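> Okay, here's the prediction I keep looking at, along with the sequence it came from:
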Amino acid sequence: MPPQVVRQPEALQKRLMEKRLEGKTIALVPTMGALHAGHCSLMAEGRKRCDVLVVSIFVNPTQFGPSEDLSAYPRTFDADLESCDREGVDVIFFPEPGSMYPEGFSTWVEVEGLTEGLCGATRPGHFRGVTTVVAKLFLLAQPHVAIFGWKDAQQLLTIRRMTRDLGFPVEIVGVDTFRESDGLAMSSRNRYLSPEERAEAPALYRALKEAERMHRESGENRSDALRDIIKRRIESESSARIDYIEIVAMDTLRPTDTVVEGNTLIALAAFMSQARLIDNIRL
Ligand code: PAF
């Protein structure tokens, strides 16, 4: 059966409440559409875990800054519908902005601390928009499980913290970053890259992998040294303009002087003309 498309928040809530009362388990994959193979891997995880698979497609205006790409963000509903159908999605939630943010909307969910560094430093207000919309989606869909990608590690860890702090009865599942064959992390924003930039973009992941090798094979533990390796590699192999390269503790997302195995995230963001690309590895 093709996915059912639901546009009204109340209709989604009612339909999924009925499923819960029938004893069905619900998995939610929140997305902003422009679905690619990375999203499909999130859907496949949800399909495996639950009876009912729900995908939300909503380009959430509150997580875009005034100079960001809200109006240009790709909207590809027909192709998204086909991807959802292929992945066995039961329900697509595709609301209008006005139904998610009614006139006079003034209530926000904000996670402190974890959202201040990394992407939070260059995108003020971004994570407040993400946590607010995800909290709303949790209340509407009432999922047992929600699936997010490790590519957006700061987002995943922030949503985990929100879920714990506010006591949402939802298991947050992280799925490893899905990559092109040359290592570039899949992202809806990759389509902004020119052919030359696309050819250079895998340098970001190569740089992260080189740092990982230096740590694992040569025992390099110093964050400064690892950051230098990444910076040099990106600068020598691409025209990317580095926004940040940070080595942080996974539980606080604060910079750490040395790598602590099992609790370290190396995260970076870089601009390539139109596109801002992010990537990370966990040590
Ligand atoms: O990762 C995304 O696509 C968005 O930030 C999310 C989680 C769907 C919230 O709008």
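That came through fine.
> contacts, neighbours, all on C-alpha from now
Noted.
> how far away is residue 137 from residue 72?
Noted for residue 137: a distance of 24 Å to residue 72, by C-alpha to C-alpha, to the nearest Å.
> Mind checking which of those two has more residues around it?
Taking other C-alpha atoms under 10 Å, residue 137 and residue 72 do not tie; residue 137 has more neighbours (22 against 8).
> Point me to the helix or strand that includes residue 54.
Per DSSP states H and E, residue 54 falls inside strand 52-57.
> Does the ligand have contacts with that strand?
No - using C-alpha under 6 Å from any ligand atom, we find that strand 52-57 stays clear of the ligand, coming within 7.3 Å at best.
> what's around the closest residue to residue 139 other than its chain neighbours, how many residues?
Spatial nearest neighbour of residue 139, excluding adjacent residues (C-alpha to C-alpha, 6 or more residues apart in numbering): residue 13 at 7.8 Å. Neighbours of residue 13 under the rule other C-alpha under 10 Å: 17.
> same check, this time on the one 3 residues further on
Neighbour count of residue 16, defined by other C-alpha under 10 Å: 21.
> where's it, which helix or strand?
Using DSSP H and E, residue 16 falls in helix 9-21.
> Pairing partners for the helix or strand just after that helix, with directions?
Moving toward the C-terminus from helix 9-21, the next helix or strand (DSSP H and E) is strand 26-31. Counting by DSSP bridges, the strands paired with strand 26-31 are strand 52-57 (parallel), strand 145-149 (parallel).
> For these, give me TSV that also has mean pLDDT.
Below are the strands paired with strand 26-31 laid out as TSV (pLDDT from 0 to 100):
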stretch	mean pLDDT
strand 52-57	98
strand 145-149	98
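> Make CSV out of those and add mean neighbour count.
Formatted as CSV, the strands paired with strand 26-31 follow (neighbours: other C-alpha atoms under 10 Å):
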stretch, mean neighbour count
strand 52-57, 25
strand 145-149, 23
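> can you tell which of those is closest to residue 89?
Nearest of the strands paired with strand 26-31 to residue 89, taken as C-alpha to C-alpha: strand 52-57 at 5.2 Å.
> State the distance from the residue nearest to residue 139 to residue 29.
15 Å.
> In space, what's closest to the closest residue to the ligand within the chain - neighbours in sequence excluded?
Nearest residue of the chain to the ligand, counting by C-alpha to the nearest ligand atom: residue 31, 3.6 Å away. Closest residue to residue 31 apart from its sequence neighbours, by C-alpha to C-alpha, 6+ apart: residue 57 at 5.1 Å.
> is it true that that neighbour touches residue 29?
No - with contact defined as C-alpha atoms under 8 Å, residue 57 and residue 29 do not form a contacting pair (9.0 Å).
> In stretch 162-171, which residues are buried?
Buried residues in stretch 162-171, counted by 16 or more other C-alpha atoms under 10 Å: 162-163, 168, 170.
> Just these: which are in helices?
162-163 (DSSP state H).
> Return the member of the buried residues of stretch 162-171 nearest to residue 226.
residue 162 (30.7 Å).
> List the contacts of that closest one.
Shown in contact with residue 162 (C-alpha atoms under 8 Å, 6 or more residues apart in numbering): 111, 131.
> switch to 7 Å and redo it
The neighbourhood of residue 162, defined by C-alpha atoms under 7 Å, 6 or more residues apart in numbering, consists of residue 111.
> Run through the residues of the protein sitting next to the ligand.
Near the ligand, when you scan the chain using C-alpha under 6 Å from any ligand atom, you find 30-32, 60, 130, 134.
> Present those as CSV; the columns should include neighbour count and pLDDT.
Listed next are the residues of the chain next to the ligand as CSV, based on neighbours: other C-alpha atoms under 10 Å; pLDDT from 0 to 100:
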residue, neighbour count, pLDDT
30, 23, 99
31, 19, 98
32, 16, 98
60, 19, 98
130, 22, 98
134, 20, 99
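> Please convert the residues you listed to a markdown table, extending it with distance to residue 17.
Below are these laid out as a markdown table (distance: C-alpha to C-alpha, whole Å):
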| residue | distance to residue 17 |
| --- | --- |
| 30 | 18 |
| 31 | 21 |
| 32 | 23 |
| 60 | 24 |
| 130 | 24 |
| 134 | 18 |
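> Nearest to residue 250 among those?
residue 130 (19.1 Å).
> give me every residue that touches that closest one.
So residue 130 contacts residue 63 (C-alpha under 7 Å, 6+ apart).
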